[in-house]
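[1] sequence and predicted structure, then a few things I'm wondering about:
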Amino acid sequence: MIMPSCGSQMILCGLPVRFDTYSGCSHGCKYCFAQRKIDLQNIRPAEGPKALRDFIAGKRTLETRWCDWDIPLHWGGLSDPFQPAEKLHRLSYQCLEIFAETQYPFVVSTKGALIATPEYLELIAKCNCVVQISAVCSQYDRLEPGAPSFVERLKIAETVARTGKRVNIRLQ
């Protein structure tokens with residue numbers, strides 16, 4: 001089973017434990033660092049509800065056993081959890097249910113519009129989380145052919161913020 005893991009920048013990163021419900025990403029961002037690590041065009045389920053429950057229960061791998069407290073997970077470190085594949089597999093929805101139930105802390109990184117739909121917003125509102133929406137400017141739209149436009153992402157951020165959750169615009 002795939003479990004949450006640490007990236008190569010672990011000692012420098014404020015969110016060193018990564019959780020990805022999908023491998024691959026439909027956004028097709030030309031500048032994406034993850035394309036050096038995984039095949040972004042091969043979108044498939046990765047870590048799911050069982051891996052999340054196990055991590056929250058304290059089951060750690062060799063890579064994460066140093067972490068014996070409720071360290072916030074970075075959800076979406078290599079792949080967007082709210083990309084179109086989520087409509088088919090619903091792994092992120094199932095994980096949101098677990099996050100809401102357990103109140104385990106996380107920071108989610110996304111460009112996906114699905115997070116701003118009513119059923120996902122209802123769960124996000126119940127979670128102990130921060131939502132990061134990656135968006136630089138409209139000139140980047142051409143470099144992110146599969147992602148919602150910059151303007152659409154600002155609307156997503158505004159919609160999510162209405163849940164009372166902290167929303168960051170991530171410039172990276």
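    Yep, it's here. Owing to the predicted nature of the structure, the values given are computational and were not obtained by experimental measurement. Numbering: from 1, shown residues only.
[2] what distance do you get for the residue in the chain sticking out farthest from the centre to Phe150?
    Farthest-out residue of the chain from its mean C-alpha position, per CA atoms, centre = their mean: Gln139, at 23.6 Å. Per CB to CB, to the nearest Å, Gln139 is found 8 Å from Phe150. In short, each C-beta sits where N, CA and C put it, glycine included.
[3] got it, and Tyr120?
    To Phe150, Tyr120 is 21 Å away according to CB to CB.
[4] more neighbours, these two?
    Set Tyr120 next to Phe150 and count neighbours by other CB atoms under 10 Å: Tyr120 wins out with 20 against 16.
[5] on the three-state scheme, Leu123 is what?
    At Leu123 the chain is in helix, as set by DSSP: H, G, I helix; E, B strand; the rest coil.
[6] if you could redo that for Cys25, that was the one I meant.
    Put simply, Cys25 is coil when judged by three-state DSSP.
[7] count the residues that sit near it.
    By other CB under 10 Å, 27 other residues sit near Cys25.
[8] doesn't Gln83 make contact with it?
    Yes. Taking CB atoms under 8 Å as the definition, Cys25 is a contact partner of Gln83 at 5.9 Å.
[9] shared neighbours of those two, anything?
    Here Cys25 and Gln83 share the contacting residues Ile43, Gly146, scored by CB atoms under 8 Å, 6 or more residues apart in numbering.
[10] buried set for stretch 93-110?
    Within stretch 93-110, the residues scored as buried using 16 or more other CB atoms under 10 Å are 93-100, 104, 106-110.
[11] of all those residues, which comes closest to Arg166?
    Ranked by distance to Arg166 (CB to CB), the buried residues of stretch 93-110 are led by Val107 at 9.3 Å.
[12] check which helix or strand covers Arg153.
    Per DSSP states H and E, Arg153 falls inside helix 150-161.
[13] how near is the most centrally placed residue in the chain to Arg142?
    Central residue of the chain (CA atoms, centre = their mean): Gly76, 2.6 Å from the mean position. Applying CB to CB, the value for Gly76 to Arg142 is 22 Å.
[14] now swap in Gly164 and tell me
    Using CB to CB, Gly164 is found at 34 Å from Arg142.
[15] go on, Phe106?
    31 Å.
[16] next one: Ala57
    Distance from Ala57 to Arg142, by CB to CB: 44 Å.
[17] what does Ser149 give?
    Separation of Ser149 from Arg142 (CB to CB) stands at 10 Å.
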